[in-house]
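Peer 1: Got a sequence here, can you model it:
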Amino acid sequence: MSTKVELNCEMTCSKCEDKIRKSLDSMDDVTIKSIDIAGQQNNHRPKNGNQRIDGGGSISTFSEFSCSPYDIFNFSDDDRNYRLDCGKSVASSFDLLLERKWNQAQSIDNLFLFQFDRLKIRTTILPGKYGFVVTLNTGRGTNRRSPETINSISTPFDESKFNFNKIKPNELLFKVSRNNLTKPIVSIIINNSPIEYCSSLMVIDPADCHNQLLTKSSLEMAINLIAISGDLNLRMGFNSLGAEASVNHCHWHLYYQQERLYLQSIKTVDGHFFTDWPLPGFLFEISDNQSVDSVVESIMLLVNHVHTNHDNHSYNLFIARGLIDHEIRVFIWIRKVSFGSKNLFHINPALAELSGFFICKSNEMFNQIDEQFCVNLIKSIEIDNINEYIDLLKSN
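Peer 2: Numbers count the residues shown, from 1 in each chain. Down below sits the predicted model:
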């Protein structure tokens, strides 16, 4: 016989993490109801041809909490695919759950700050070498949460400011665990000012109140989410403090983007370094389980060097599948810091822009933007001593 777990949470389930984890350790304390999503296909995808992959994780729902119930998607190591053999996007159980939950959230009044309809968004590919993707998304300029003013790349977490423990219950789409472990558990929540289809945030262990500093566990989980997705269009990215992060609570962006990007086939010239892009950066490819640890170790080496030695440097990360072998590609750029208040009507170079995706907030901007503007914007944050980071990787 199960016993109800008493949770008194008016804002979000993340405040109840300790009781939830105890319940996971002793399953007699909570009622779990399985959900079968087999055959549930979403009709909102911009492209056709997607179908469900058999297996690929299990879903359970906490159904007796006093705050809103939520799904937990659990995946095993066997569910990860570092290289996809198919030549088209094939939705996994994770993709189907994300789409279903996100589209359900879109139907709730006043949950998003504006409604996002991918089929109505104006999108163009700029002429030129890089094929930059440009969209018109006026809501990002007029309807979004006020960004936090950042003055240091290591600003501590501040409970008094907005963080993801203060979201509305319905903003939490579901949680993700690996191998039924109780930690880390990530929350997938809506981006209430979406930048793309299924635009969401991955927040690792929200109740632990990590500031917006890349952690090993969050990087590993971001790679895992790409690996359990069968959709070639899934993207993930991270903005550090001083690199256009808006909230000082450790989170990643994830979204689907149907356009192909130049970076998905770019090549390195010196180890992991690539230069055929307006801002040189580092690229790490993952095609099997054995390469994950070394990639994570190398990226954390770069990040730790920034935080230890350079308060005038920051970093952005971007993860996507390659176009040819569909391997997982992890990009990191070390860049100049950008402190102070954001101008929400300008294009501020962050993970999306560095990936080649530019979001215009006005018709005038959308009609005037060209490749040279994009190149100059990206180049404006280039640091002078990138060789220091190249040498760091070579020495380890």
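Peer 1: quick one: low-confidence parts of the protein?
Peer 2: 1-56, 61-68, 86-88, 141-146, 340-345 (pLDDT under 70).
Peer 1: Closest to the centroid, which residue in it?
Peer 2: residue 253 (2.5 Å; Cα atoms, centre = their mean).
Peer 1: my guess is that residue is in a helix, correct?
Peer 2: No: the assignment for residue 253 (DSSP: H, G, I helix; E, B strand; the rest coil) gives strand, which keeps it out of a helix.
Peer 1: Please list all residues in contact with it.
Peer 2: 191, 195, 199-202, 235-239, 351-352 (Cβ atoms under 8 Å, 6 or more residues apart in numbering). C-beta here means a position set from N, CA and C on the backbone, and glycine is covered the same way.
Peer 1: Closest one to residue 307 out of those, please.
Peer 2: residue 238 (14.0 Å; Cβ to Cβ).
Peer 1: What count of nearby residues applies to that closest one?
Peer 2: 25 (other Cβ atoms under 10 Å).
Peer 1: I'd like the distance between the closest residue to it other than its chain neighbours and residue 241.
Peer 2: Leaving aside its chain neighbours, residue 238 sits nearest to residue 317 (4.2 Å; criterion: Cβ to Cβ, 6 or more residues apart in numbering). According to Cβ to Cβ, to the nearest Å, residue 317 stands 13 Å off from residue 241.
Peer 1: cool, and residue 381?
Peer 2: 14 Å.
Peer 1: re the thing from before, out of the contacts of residue 253, which are inside helices?
Peer 2: Judged by DSSP state H, helices contain the following of those: 351, 352.
Peer 1: that older thread, burial of the residue nearest to residue 238, as a residue count?
Peer 2: Residue 317: 26 neighbours (other Cβ under 10 Å).
Peer 1: Regarding it, what is its secondary structure?
Peer 2: Per three-state DSSP, residue 317 ends up strand.
Peer 1: residues contacting it?
Peer 2: Neighbours of residue 317 in contact, by Cβ under 8 Å, 6+ apart: 214, 219, 222, 237, 238, 299, 330, 331, 332, 333, 351.
Peer 1: Keep only those of the residues you listed that are in helices.
Peer 2: Reading helices off these with DSSP H, I get 219, 222, 299, 351.
Peer 1: could you list every residue that touches the first one?
Peer 2: Applying Cβ under 8 Å, 6+ apart, one finds that residue 219 lies in contact with 238, 296, 299, 300, 317.
Peer 1: From residue 347, how far off is it?
Peer 2: 26 Å.
Peer 1: What segments of the stretch 101-250 of the chain are strands?
Peer 2: 122-125, 133-136, 172-178, 186-190, 197-204, 234-239 (DSSP state E, counting those that start in this stretch).
Peer 1: Make JSON lines from those strands and add distance to residue 110 to it.
Peer 2: Listed next are the strands of the stretch 101-250 of the chain as JSON lines, based on distance: least, Cβ to Cβ, whole Å:
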{"stretch": "strand 122-125", "distance to residue 110": "25"}
{"stretch": "strand 133-136", "distance to residue 110": "23"}
{"stretch": "strand 172-178", "distance to residue 110": "16"}
{"stretch": "strand 186-190", "distance to residue 110": "12"}
{"stretch": "strand 197-204", "distance to residue 110": "17"}
{"stretch": "strand 234-239", "distance to residue 110": "26"}
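Peer 1: Of all the ones you listed, which one is nearest residue 70?
Peer 2: When these are compared by Cβ to Cβ, strand 172-178 sits nearest residue 70, at 5.5 Å.
Peer 1: show me where the stretch 51-200 of the chain has helices.
Peer 2: With DSSP state H, counting those that start in this stretch as the criterion, the stretch 51-200 of the chain has helices at 93-106, 139-142.
Peer 1: sorry, back to before: quickly name whichever of the contacts of residue 317 is closest to residue 185.
Peer 2: Among the contacts of residue 317, and counting by Cβ to Cβ, the member closest to residue 185 is residue 222, at 14.2 Å.
Peer 1: re earlier: in TSV: the contacts of residue 219, plus distance to residue 165.
Peer 2: Shown next, in TSV, are those (distance: Cβ to Cβ, whole Å):
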residue	distance to residue 165
238	19
296	26
299	27
300	25
317	24
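Peer 1: re earlier: what residues are bridge-paired with the residue nearest to the centre of the chain?
Peer 2: With DSSP bridges as the criterion, residue 253 is bridged to residue 201, residue 237.
Peer 1: I'd like to know how far it sits from residue 359.
Peer 2: Distance from residue 253 to residue 359, by Cβ to Cβ: 12 Å.
Peer 1: Next, show the common contact partners of those two.
Peer 2: 195, 352.
Peer 1: ok, the closest residue to residue 355 other than its chain neighbours - contacts?
Peer 2: Residue nearest to residue 355 in three dimensions, not counting chain neighbours: residue 318, with 4.6 Å by Cβ to Cβ, 6+ apart. Applying Cβ under 8 Å, 6+ apart to residue 318 gives the contacts 235, 236, 237, 263, 330, 331, 351, 354, 355.
Peer 1: What of residue 210?
Peer 2: 157, 204, 218, 249, 250.
Peer 1: just to revisit the earlier point, the residue nearest to residue 238 and residue 135: what is the separation?
Peer 2: 21 Å.
Peer 1: Dump the ones in helices among the contacts of residue 317 to JSON lines, plus distance to residue 148.
Peer 2: JSON lines is the format used below for the ones in helices among the contacts of residue 317 (distance: Cβ to Cβ, whole Å):
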{"residue": "219", "distance to residue 148": "22"}
{"residue": "222", "distance to residue 148": "22"}
{"residue": "299", "distance to residue 148": "25"}
{"residue": "351", "distance to residue 148": "17"}
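Peer 1: Closest one of the residues you listed to residue 176?
Peer 2: Proximity of the ones in helices among the contacts of residue 317 to residue 176 (Cβ to Cβ) peaks at residue 222, which lies at 10.9 Å.
Peer 1: In contact with that closest one: list those residues for me.
Peer 2: Taking Cβ under 8 Å, 6+ apart, one finds 202, 236, 238, 252, 317, 319 in contact with residue 222.
Peer 1: who's in contact with the fourth one?
Peer 2: Residue 252 is in contact with 201, 202, 218, 222, 236, 237, 238, counting by Cβ under 8 Å, 6+ apart.
Peer 1: Appreciated, that's everything.
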